[in-house]
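Asker: need a structure here:
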Amino acid sequence: MSIRDTSAQDHRVATATVQGRHRRRWLLGAGAGVFALGAGAWLLSGWSAGGRSVDAERLRIAEVKRGELVRDIAADGRVIAANSPILYAIAGGSVDLKVVAGDVVRKGQVLAEIDSPELRSKLAQEQATLASLEAEASRAELDAELARSTARKELDQAQIARVAALRDLERYQRAFEGGAVAKVDVAKAQDDLKKSDIGLSHAQGDLGRQGRSAALDTRNKRLLADRQRAIAVEAQRQVEALTLRAPFDGQVGQVQVAQRANVAINDPVLSVVDLSVFEVEIKVPESFARDLAIGIPAQVTSGSGQPFAAQISAVSPEVVNGEVVSRLRFTGKQPPGLRQSQRLSARIVLDTRRNALMIERGPFLEQAGGNSAYVVANGVATRRPIRTGVSSLNAVEILEGLQPGERVVVSGSDQFENAETVRISGE
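Answerer: Next comes the predicted model:
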């Protein structure tokens, strides 16, 4: 049995058909080459971007633009009385309250009295000591007058004695010249005159010394009395301070002791609120604290939306939880019906810059110290050095390194790990 060949199934193919098949194969090869080149370019772009890719949804990108940069501080404030002193007990004792919290009081009105037997006893002792020292000072003045009088008497006697001795000498000299007395009697009269001169000289010196001594003793006694008088006056002031009086027209705030309760020295008793002057206390972020100064204008808005002019009256030197406490004082009319601890909104305008080149403020400023930023173009973020200026709560001024219309990663650049370029997927 013979096997038949397949020559009967063969047929000639047209030349055009063969050429078409070759052409299709060439196109497929060319397409594969283009694809390979594109993939290579894509890989090269990834390598040039540091081999890192970050999803755009994990970033916040803002556009650089020009506009008005207003450096202001907006904060909620709390109304406090500008003058709200607390009255303290100057000594321990029992408290007799004359008012209750909320009472309207007038300046000088008695608010409370503290019974302190110890302080009153001390006042009586000091006053008695003062009376004794004043008596001693008066006695010293009298003794000084007596001493001066005695010294003056002795001086007068010495003067009289000298005059008598002088007359005796003259008489003896005339008698000696007449031969009535001996020369020895004249010599004795001369000695008596010299003695009287010495006595007169000592009497004159004693008068001056007695006067100075009496004056010093009197002065010392008077100084002791004056010192004791100051002590007694202070004791009297402390006793008077046991009666607590209103320092101004206002309202009683918080009463911190109960009726007839015993308090220790320097314990708070009650507070008085001055209802005529209020301030607004605000808390400012630490980054703006260096720009605050007393006298900077501010604006306070009441609950009705009406603005009232104010200015900074105080800035705390202490930072607490990243904030600085400041106070605003009304410069003109203050909102009517203000109450302690009432909430108001405040705004402080520090600076206004027109046509400033700026961008949205974000964490990128802290991550690079404000010296660089990632600029996004064609799906790649490239780090570029920049220089920033002033900043507000939501924007920062750009001085160098960026142009209007450029897009910058303002949040999420911490994922780049300081790479020079990063590919942004989904951009």
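Asker: make it CA atoms for all contacts and neighbour counts henceforth
Answerer: Fine.
Asker: where in this structure is pLDDT low?
Answerer: Residues of the chain meeting the criterion pLDDT under 70: 1-51, 427.
Asker: and the closest residue in space to Gln415 that isn't next to it in sequence, what element?
Answerer: The shortest distance from Gln415 to any non-neighbouring residue, by CA to CA, 6 or more residues apart in numbering, is to Val54 (7.7 Å). Using DSSP states H and E, Val54 maps to strand 53-55.
Asker: hmm, Thr421 and the residue nearest to Gln415 touching each other?
Answerer: No: with contact defined as CA atoms under 8 Å, Val54 does not count as touching Thr421 (11.0 Å).
Asker: so which of these two has more stuff around it?
Answerer: Between Val54 and Thr421, Thr421 has the larger neighbour count (other CA atoms under 10 Å), namely 23 against 19.
Asker: next, the more buried one: phi, psi?
Answerer: Backbone torsions for Thr421, taken as degrees, to the nearest 10, come to phi -140, psi 150.
Asker: surely it is in contact with Gly379?
Answerer: No: using CA under 8 Å, Thr421 makes no contact with Gly379, being 10.4 Å away.
Asker: hmm, back to that, each with direction, which strands does the strand holding Val54 pair with?
Answerer: According to DSSP bridges, strand 53-55 forms sheet pairs with strand 421-425 (parallel).
Asker: check the offset of the partner strand from the chain's centre.
Answerer: 49 Å (CA atoms, centre = their mean, to the nearest Å).
Asker: and if you look at stretch 195-207?
Answerer: Relative to its parent chain, stretch 195-207 has a centroid offset of 72 Å by CA atoms, centre = their mean.
Asker: now it: buried residues?
Answerer: Buried residues in stretch 195-207, counted by 16 or more other CA atoms under 10 Å: Lys195, Ser196, Asp197, Gly199, Leu200, Ala203, Gln204, Asp206, Leu207.
Asker: mind listing what the residue nearest to the second one when sequence neighbours are not counted touches?
Answerer: Translated: Ser196. Leaving aside its sequence neighbours, Ser196 sits nearest to Arg162 (CA to CA, 6+ apart; 4.6 Å). Residues near Arg162 by CA atoms under 8 Å, 6 or more residues apart in numbering: Leu193, Ser196, Asp197, Leu200.
Asker: just Leu133 next, same as before
Answerer: For Leu133, the contact set (CA under 8 Å, 6+ apart) comprises Lys221, Arg222, Leu224, Ala225, Gln228.
Asker: what helix or strand is it located in?
Answerer: Using DSSP H and E, Leu133 falls in helix 117-177.
Asker: show me where the stretch 251-400 of the chain has its strands.
Answerer: 262-263, 268-273, 278-285, 297-301, 307-320, 323-330, 343-360, 372-377, 380-385, 387-391, 395-400 (DSSP state E, counting those that start in this stretch).
Asker: check which helix or strand covers Ser84.
Answerer: Ser84 belongs to no helix or strand, assigned by DSSP H and E.
Asker: so what's Ala235 up against?
Answerer: Contacts of Ala235 were listed using CA under 8 Å, 6+ apart, and they are Leu119, Lys122, Leu123, Glu126.
Asker: distance of it relative to Leu402?
Answerer: Using CA to CA, to the nearest Å, one gets 74 Å for the distance from Ala235 to Leu402.
Asker: same check on Pro285?
Answerer: 28 Å.
Asker: can I get stretch 280-298 as PDB, trimmed to CA atoms?
Answerer: Output of stretch 280-298 as PDB, limited to C-alpha atoms (Å, rounded to 0.1, in the frame of the first residue of the first chain):
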ATOM      1  CA  VAL A 280      -9.500  91.700  77.200                       C
ATOM      2  CA  GLU A 281      -7.000  88.900  77.900                       C
ATOM      3  CA  ILE A 282      -5.900  86.900  74.800                       C
ATOM      4  CA  LYS A 283      -3.400  84.200  74.200                       C
ATOM      5  CA  VAL A 284      -1.000  84.700  71.200                       C
ATOM      6  CA  PRO A 285       1.200  81.900  69.600                       C
ATOM      7  CA  GLU A 286       4.800  82.100  70.600                       C
ATOM      8  CA  SER A 287       5.900  82.800  67.100                       C
ATOM      9  CA  PHE A 288       4.100  86.200  67.100                       C
ATOM     10  CA  ALA A 289       5.100  87.200  70.600                       C
ATOM     11  CA  ARG A 290       8.300  88.900  69.500                       C
ATOM     12  CA  ASP A 291       6.200  91.200  67.300                       C
ATOM     13  CA  LEU A 292       3.900  92.400  70.100                       C
ATOM     14  CA  ALA A 293       4.600  95.600  71.900                       C
ATOM     15  CA  ILE A 294       2.700  97.800  74.300                       C
ATOM     16  CA  GLY A 295       0.600 100.400  72.300                       C
ATOM     17  CA  ILE A 296       0.000  98.400  69.100                       C
ATOM     18  CA  PRO A 297      -3.500  99.100  67.900                       C
ATOM     19  CA  ALA A 298      -6.100  96.300  68.100                       C
END
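Asker: no further queries at this time; thank you.
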